[in-house]
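>>> here you go, sequence then predicted model.
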Amino acid sequence: MTTLSIIKADTGGFVGHSAVHPEMLTAAEDGLRIAAGDGLLLDGQAACCGDDISLIMTHEHGPDDESVHAFAWNLFQETTRIAKRLGLYGAGQDLLSDTFSGNLSGLGPGYAELEFTERPSEPVLCFLADKTEPGAWNLPLYKIFADPFNTAGLVIDAKMHAGFSFEVYDLHEEKQLAFDCPERLYDLLMYIGAPARYVVHSVRSRTLGEPAAAASTQRLSLIAGKYVGKDDPVMIVRCQSGLPAVGEVLEPFATRR
């Protein structure tokens, strides 16, 4: 099984909250290359959106793996040291603890992870956002996996016609809700219309039994107990062969509001 992990954190903004300093991004890329060479990762790439660094990694250790999360935590500590040396804004602001405790849950960094058996062709799209709600992906995920006016495959593809199951997290009550769509479509919409509280965590194909999407659900203010800025969610979506086509996944983001 292959695991695709996106782990992100704001460890210091270049020119205020607007960008990641090139030296920090280089340190992240170097760390990923060393981890791949040591066998911890299959591959890795550092990306940024606004002032957030995202570590996009493939490995075989499964979600919530201590060694992968510890690697990301230590790498964010390194980029924080660079931010402090350069006098950047908000150095280490997403690292809400001084010590690592097994995985990144409750420590500040956001992450989305998807474990699956790779197909001969495995198109995957990774989405990064900055300064928004944790449920920023709620509406796009609904359109991708439940709206036939966006995703024609829901009507014409026998592997998609039975629909998808949505797992939604209640961030205030720490509860998990499941909605099999299209039967519970209206119930799903009632919840995910409140993206500050209810967040789509994952989507699964009901026909294939395969994971189709995963999104981060961390909300910094709830972890820290105070307002510490907007959230910066990340998302993974698998495409094609019984899952939405790449164009169907991208179409919700082409809509002007």
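Noted; the coordinates are in hand. What you see is a predicted model, and the numbers here were worked out from it, not measured in a lab. Numbering: from 1, shown residues only.

>>> what residues of stretch 133-140 count as buried?
133-140 (16 or more other CB atoms under 10 Å). Just so you know, the C-beta spots here come from the backbone N, C-alpha and C atoms, and that holds for glycine as well.

>>> pLDDT on that stretch, on average?
Mean pLDDT, computed over stretch 133-140, is 93.

>>> and it, how far from the chain's centre?
11 Å (CA atoms, centre = their mean, to the nearest Å).

>>> other residues contacting it?
Outside of stretch 133-140, the residues within contact range by CB atoms under 8 Å, 6 or more residues apart in numbering are 127, 129, 171, 192-200, 215-219, 230-231, 233, 235, 252-253.

>>> ok, 7 Å please
Identification of contacts with stretch 133-140 by CB atoms under 7 Å, 6 or more residues apart in numbering yields 127, 129, 171, 192, 195-196, 198-200, 215, 217-219, 231, 233, 235, 252-253.

>>> which of the residues you listed are buried?
Of those, these count as buried by 16+ other CB under 10 Å: 127, 129, 171, 192, 195, 198-200, 215, 217-219, 231, 233, 235, 252.

>>> between these, which is nearest L208?
V200 (18.5 Å; CB to CB).

>>> can you tell me the closest non-neighbouring residue to the closest one?
In space, and not counting its chain neighbours, V200 is closest to L141: 4.8 Å by CB to CB, 6 or more residues apart in numbering.

>>> for the helix or strand containing that neighbour, C-alpha coordinates in PDB please.
Using DSSP states H and E, L141 maps to helix 138-146. In PDB, the C-alpha atoms belonging to helix 138-146 read as follows (Å, rounded to 0.1, in the frame of the first residue of the first chain):
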ATOM      1  CA  ASN A 138     -16.600  21.300   1.500                       C
ATOM      2  CA  LEU A 139     -18.400  22.800  -1.500                       C
ATOM      3  CA  PRO A 140     -15.800  21.700  -4.100                       C
ATOM      4  CA  LEU A 141     -15.900  18.100  -2.700                       C
ATOM      5  CA  TYR A 142     -19.700  18.100  -2.900                       C
ATOM      6  CA  LYS A 143     -19.600  19.200  -6.500                       C
ATOM      7  CA  ILE A 144     -16.800  16.700  -7.500                       C
ATOM      8  CA  PHE A 145     -18.400  13.700  -5.900                       C
ATOM      9  CA  ALA A 146     -22.100  14.400  -5.600                       C
END
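
>>> can you start the count at 23 instead of 1 from here on
With the count now opening at 23, the last piece we talked about shows up as helix 160-168.

>>> off-centre distance for that helix?
15 Å.

>>> C-terminal to that helix, what's the next element?
Trace forward from helix 160-168 with DSSP H and E and the next one is helix 175-178.

>>> just the strands from the protein, written as ranges.
Using DSSP state E, the strands of the chain run over 24-31, 65-71, 74-81, 132-138, 146-150, 186-192, 197-203, 220-227, 233-237, 256-260.

>>> any low-confidence regions in the stretch 23-172 of the chain?
Counting by pLDDT under 70, the stretch 23-172 of the chain contains no low-confidence residues.

>>> name the nearest residue to L210, sequence neighbours excluded.
F201 (4.2 Å).

>>> let me fix that, I meant to ask about P131.
Nearest one to P131, counting by CB to CB, 6+ apart, is A31 at 4.0 Å.

>>> same question, E88
Here the residue nearest E88, using CB to CB, 6+ apart, is G124, at 5.4 Å.
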